[in-house]
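K.L.:
Structural data only, the sequence is not supplied:
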């Protein structure tokens, strides 16, 4: 099971499966700030499957780059399952076999909102999203978000 694996093992497994299946993978990152892309591109051969990565940290970026509506952002906030699904759908709308996305508050936890995150992955036929509560340092939370996103993506492959 992938959830007990360390990040390098997850990356290797993901890269092997994405390459074998000839997938076109796209990533949208908010609280992970490009770290999903960083770990995937550190593994040789990522250019075979990884076609695009967007760090959409601002609301404006989520709207312009991913098509998340202003109304959805205003009603649900950027850190919500609804916005995560919209981010995934935005990636899938543009010639994508597998979309991976993350939005959240990296923390460290200072109040009840800090550390709340949503990570997920989707294909044209399946979507899997997860709400998590991260309680580590900012960097640990980001790294945990990466690991969770890769694990979820692997579950769809």
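P.N.:
Cool, the structure landed. Source: prediction; values computed, not measured. Numbers count the residues shown, from 1 in each chain.
K.L.:
how about the helices in this protein?
P.N.:
Secondary structure of the chain (DSSP state H): helices at 7-20, 35-41, 59-66, 70-76, 81-92, 138-156.
K.L.:
Any chance of CSV for those helices, columns mean neighbour count, mean pLDDT and distance to residue 116?
P.N.:
Yep, even glycine has a C-beta here, placed from its N, CA and C like the rest. Converted to CSV, the helices of the chain look like this (neighbours: other CB atoms under 10 Å; pLDDT from 0 to 100; distance: least, CB to CB, whole Å):
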stretch, mean neighbour count, mean pLDDT, distance to residue 116
helix 7-20, 16, 94, 22
helix 35-41, 20, 96, 18
helix 59-66, 17, 94, 17
helix 70-76, 13, 94, 13
helix 81-92, 21, 97, 11
helix 138-156, 21, 94, 10
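K.L.:
Mind checking those for the one nearest to residue 105?
P.N.:
Checking the helices of the chain against residue 105 by CB to CB gives helix 138-156 as the closest, at 8.5 Å.
K.L.:
who touches the closest residue to residue 147 other than its chain neighbours in this structure?
P.N.:
The shortest distance from residue 147 to any non-neighbouring residue, by CB to CB, 6 or more residues apart in numbering, is to residue 7 (5.3 Å). By CB atoms under 8 Å, 6 or more residues apart in numbering, the contact list for residue 7 reads 39, 143, 146, 147, 150.
K.L.:
Much appreciated, bye for now.
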